[in-house]
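# below: sequence and its predicted model.
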There are 2 protein chains.
Amino acid sequence: ASDQTRREATAAMADKVKPLGSLGLLEEVAIRIAALRGRVDLPDPTPAVVVCAADHGIAREGVSAFPQAVTGLMLTAFGTGGAAVAVLSRAAGARLVVADLGVIDPPVVPGVLDLSIRPGTANSVDGPAMTPAEATAALRQGIDLAHELVDDGVDLIALGEMGIGNTTTASALTAALLGLDAAATCGRGTGLDDEQVAHKVSVVDQVLARHASVSDDPLAVLAAMGGLEVAALAGVVLGAAERKVPVLVDGFITGAAALVAARLAPACTDAMVAAHLSPEPGHALQLAALGLRPLLDLQMRLGEGSGAALAINVVRSSIAVLTEMATFASLGLDQTSPVT
Amino acid sequence: ASDQTRREATAAMADKVKPLGSLGLLEEVAIRIAALRGRVDLPDPTPAVVVCAADHGIAREGVSAFPQAVTGLMLTAFGTGGAAVAVLSRAAGARLVVADLGVIDPPVVPGVLDLSIRPGTANSVDGPAMTPAEATAALRQGIDLAHELVDDGVDLIALGEMGIGNTTTASALTAALLGLDAAATCGRGTGLDDEQVAHKVSVVDQVLARHASVSDDPLAVLAAMGGLEVAALAGVVLGAAERKVPVLVDGFITGAAALVAARLAPACTDAMVAAHLSPEPGHALQLAALGLRPLLDLQMRLGEGSGAALAINVVRSSIAVLTEMATFASLGLDQTSPVT
């Protein structure tokens, strides 16, 4: 990000006809994006919501409230426009891009990109979820997808995901990358009760013990624990950051992808905007580690990219404030010496 | 609000292809609006942002960081589209309606409605801010304006305001109506330091002492303390609620108007949606008294209706979720017995 542009954007925001700082996070996010893009005269964003989907071998441990077949069924709901993220993308005027990185037995749905690396990961309790080469290939798919979108005029990417069992994968990744206990990163996912959460903690403990030797290398951790969509999303972050395009991080699973990306290339956190705060306990820990402050807190815990899609209009509004608001000077006022 | 429709909307939301309750407040707000409107098949909303402006005699006590002339200058910024609320209304696709209820020496700005009752209120430290007849007339202007907008197809009204000194008026109203000390309801407004806040508390204490005898009658409190725009905004709430149209309450000043309206007609709280939480300390107290939970918390403290305008897209998205999302049944799934 450009410090020079950050200073220019901060000065421009201070000149706007309002008390200093009175638009709160709306000011911060516009300044952050201006610094990333290297320009204060930002255009109205052209957003895309990128949903990466894949299956997880760890789902066989009984860690989700839904059967694994739901991953594929939800691809249909994304493709036909009835899923939450599809509805919220339309409401935000955003293109929805759905990519299959490794769904077992995927339905034939028009418009879903086939970027499949393998039909689901292996169970990370028993061994590596995938090989390092597969993790790298999934990451590469994400990077390429981000580049294609940016080449096509997209300048704001909201991250989304689908994969039954992927909160467990995200819990393991987050615990491994942040050096935390499983209990700190396991939540109710799509609706577990206390006993089921305890079971999830024990499963994540097994994953952490099984792969304790790889915890210093983010790519090795990713390959060991999965998932394919998490790897691709980390790639989307890297590819977007490389092109200086901001990414809206959604909830706990895209947060795990953002953590992986940040470990691979620390400067890419400059491109991240936290869309919302999920009630998943590990999400706030991820955001703190990434130095991000969430825009929204609507107690949303669906995933899919629903929170990121909803935050698009907040980002769009923040940019409008920076580029369209009048200045004190234009109204003949001097904001540096308000009279009491 | 219709309990029958609330049950129907709740059931419809439960059938959507997502874990129960996983869209949090987004589900609650759509159900609330369906119950108010008496229908589940809500159309995409046609929003308007209504900004009422007026001057306050209490500004002469030195309670604002800005001179009183700023009220009129901001009318120009609203009319010419450069004010924050104008920018955010455009970003939300909402019509902006600006009404002058009593600005001293208002500029001639095309598009600003002249609903002026008198050129600013009197100083409520010295006596009543206005007569009961003037308060009723301002309230009536607001009711009529809401009816006109609804007749013109508007079905979502965001409340906004402008008036130098009006956080002090709102502090006095809130303290009087909720039986609180001035210290609990006085904040930094547009940017006061600790000493200036202490002065504001002493001014509000004087207002409360001066008008202690009227505190049981909301209309008398309103006339005694002002302001003209607060009265009109209370009228907008009453008029919208009468027509079963939801109103987005913005920050502390529109919150005071909502409190007045709720005291005059308690059922009108059914029509209220709290757009955001302001850092003004009295705002959370107002929302608690009204039983409202804010949608956004972006540390916005500008007023004007900026938070309410920003929340329009959240409401629009919540309605899209209710009306456009697919059901479990449509995907061949049974959500009542998720398999682990």
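On my side now, so go ahead.

# how far does stretch A:300-310 sit from the chain's center?
Computed by C-alpha atoms, centre = their mean, to the nearest Å, the chain-centroid distance of stretch A:300-310 equals 10 Å.

# isn't A:L302 up against B:L26?
No: if you go by C-beta atoms under 8 Å, A:L302 and B:L26 don't touch, sitting 9.1 Å apart. Using the backbone N, CA and C atoms, a C-beta is placed for each residue, glycine as well.

# looking at these two, which has the bigger crowd around it?
Between A:L302 and B:L26, counted using other C-beta atoms under 10 Å in any protein chain shown, B:L26 has the larger neighbour count: 29 against 24.

# so which helix or strand takes in the more buried one?
helix B:25-37 (DSSP states H and E).

# show me what that helix packs onto, helices and strands only.
In terms of contacts (3 or more C-beta pairs under 8 Å, 6 or more residues apart in numbering or on different chains; DSSP states H and E), helix B:25-37 is packed against helix B:3-15, strand B:272-274, helix B:306-324.

# strands paired with the second one, and their directions?
What it means is strand B:272-274. According to DSSP bridges, strand B:272-274 has the following sheet partners: strand B:247-249 (parallel).

# quick revisit: need the helices and strands packed on helix B:25-37 in JSON lines (columns: mean pLDDT).
As requested, the helices and strands packed on helix B:25-37 are exported to JSON lines (pLDDT from 0 to 100):
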{"stretch": "helix B:3-15", "mean pLDDT": "97"}
{"stretch": "strand B:272-274", "mean pLDDT": "98"}
{"stretch": "helix B:306-324", "mean pLDDT": "98"}
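
# including distance to A:A212 and mean neighbour count, could the ones you listed go into CSV?
Output for the helices and strands packed on helix B:25-37, formatted as CSV (distance: least, C-beta to C-beta, whole Å; neighbours: other C-beta atoms under 10 Å in any protein chain shown):
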stretch, distance to A:A212, mean neighbour count
helix B:3-15, 42, 16
strand B:272-274, 48, 26
helix B:306-324, 42, 26
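
# ok, back up a step: what's the following helix or strand after the helix holding B:L26?
By DSSP H and E, the next helix or strand past helix B:25-37 is strand B:47-54.

# partners of that following strand in the sheet?
Going by DSSP bridges, the partners of strand B:47-54 are strand B:95-102 (parallel), strand B:156-162 (parallel).

# of those strands, which is nearest A:V63?
For A:V63, the closest of these is strand B:156-162, at 41.1 Å, according to C-beta to C-beta.

# on that earlier part again, can you tell me which of the strands paired with strand B:47-54 is most buried?
strand B:156-162 (a mean of 30; mean count of other C-beta atoms under 10 Å in any protein chain shown).

# tell me the helix or strand right after that strand.
Strand B:156-162 is succeeded, C-terminally, by helix B:166-178 (DSSP H and E).

# by contact count, what packs against that next one?
Under the contact definition 3+ C-beta pairs under 8 Å, 6+ apart, helix B:166-178 sits against helix B:182-185, helix B:194-210, helix B:218-225, helix B:228-242, helix B:252-264, helix B:281-290.

# just the element for the closest residue to chain B within the stretch 101-250 of chain A, please.
Closest approach between the stretch 101-250 of chain A and chain B, counting by C-beta to the nearest C-beta: A:T190, at 4.2 Å. For A:T190, there is no host helix or strand (DSSP H and E).

# looking at chain A, which helix or strand does the model trust least?
helix A:69-79 (a mean of 93; mean pLDDT, DSSP states H and E).

# what comes into contact with that one?
Helix A:69-79 has contacts (C-beta atoms under 8 Å, 6 or more residues apart in numbering or on different chains) with A:51, A:53-55, A:83, A:85-86, A:96, A:98, A:100, A:103-107, A:109-112, A:162-164, A:304, B:17, B:326, B:331-333.

# can you say which of the residues you listed are buried?
Buried members of the contacts of helix A:69-79, counted by 16 or more other C-beta atoms under 10 Å in any protein chain shown: A:51, A:53-55, A:83, A:85-86, A:96, A:98, A:100, A:103-104, A:106, A:112, A:162-164, A:304, B:17, B:326, B:331, B:333.

# returning to what we had before: the helix holding B:L26 vs helix B:228-242, what angle?
Here the directions of helix B:25-37 and helix B:228-242 differ by 80 degrees (axes from the mean of the first three to the mean of the last three C-alpha atoms, to 10 degrees).

# got any ranges where chain A has weak pLDDT?
A:334-340 (pLDDT under 70).

# let's see that with 80 instead.
A:215, A:332-340 (pLDDT under 80).

# list the contacts for the spatially most central residue of it?
What sits nearest the mean C-alpha location of chain A, by C-alpha atoms, centre = their mean, is A:V249, with 2.8 Å. If you count contacts by C-beta under 8 Å, 6+ apart, A:V249 has them with A:L159, A:G255, A:A258, A:M272, A:V273, A:A274, A:A275, A:L290, A:L292, A:A308.
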